[in-house]
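Colleague: A structural model of the following input is requested.
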Amino acid sequence: MREIKRKLMNNGTMIGFLLALSLLLCVNSAFSFSQSPIINKFVTTLPGLGPAGANKLVADQSVFGQYLPLATKKSVLFRDVMVDKYTLGVGEFQERMHPDLPYLAGKGTHFLGYYDLINPDHKYLAGVIVAKRGTPVMLSVQNNLPNQLPSQQIIPIDPHGLGGRYDDRRRSGA
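Modeller: Residues are numbered from 1 along each chain as shown. A predicted model of the protein is given here:
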């Protein structure tokens, strides 16, 4: 029993010494908050619907320009039922997210997201789908992400679905 206690004390002392040594030697460690730029909170209003609802800077009420675009619906007949069809795309785009973040013209925060294909307005949070109770909604989504090898894809491709194989995408020109 004494031998077990002695080993436990020795191991505990060794672990404590190694932890203290690692804390002393890791002076150059960086924390995420110390590398981030200082960003002021609540400097813009919340974005509204459509271009008329573009958010503003709180200080001088000048337009900052973010808004939630509305997705364009088209009423179509599908299996003898009228449905609202939305045609969306998935792609890359950039947008300025905050006035304190560095921004060069056309070089904002990089996003992968959805957008309306009928009225292509690349904004964060995509197009707002306004559905009506009792009316079916059909979504048609087109992949407009850069063509990459399957191992480099950010969004996985299901090879079991129709046209889901990488070879099928290359032949179709997608």
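Colleague: make it CA atoms for all contacts and neighbour counts henceforth
Modeller: Fine.
Colleague: what about the strands in the chain?
Modeller: 73-78, 81-95, 109-116, 137-143 (DSSP state E).
Colleague: hey, least reliable of those by pLDDT?
Modeller: Ranked by mean pLDDT, the strands of the chain bottom out at strand 109-116, with a mean of 82.
Colleague: tell me the strands beside it, with direction?
Modeller: strand 81-95 (antiparallel) (DSSP bridges).
Colleague: now the angle from the partner strand to strand 73-78?
Modeller: Computed by axes from the mean of the first three to the mean of the last three C-alpha atoms, to 10 degrees, the angle separating strand 81-95 from strand 73-78 equals 140 degrees.
Colleague: where does pLDDT dip in this protein?
Modeller: 1, 17-19, 21-37, 105-106, 148-174 (pLDDT under 70).
Colleague: run the last query once more with 50
Modeller: For the chain, the stretches flagged by pLDDT under 50 are 164, 168-174.
Colleague: residue boundaries of the helices in this protein?
Modeller: 2-25, 32-35, 166-172 (DSSP state H).
Colleague: quick one on the thing from earlier: of all the strands of the chain, which one is nearest residue 44?
Modeller: Residue 44 lies closest, by C-alpha to C-alpha, to one member of the strands of the chain: strand 81-95, at 14.9 Å.
Colleague: report the angle between that closest one and strand 137-143.
Modeller: Put simply, strand 81-95 runs at 40 degrees to strand 137-143, going by the same axes, to 10 degrees.
Colleague: for strand 81-95, which positions count as buried?
Modeller: Neighbour counts over strand 81-95 (16 or more other C-alpha atoms under 10 Å) mark 83, 84, 85, 86, 87, 88, 89, 90, 91, 93, 95 as buried.
Colleague: surely the first one touches residue 75?
Modeller: Yes - taking C-alpha atoms under 8 Å as the contact criterion, residue 83 and residue 75 are neighbours in contact, 5.6 Å apart.
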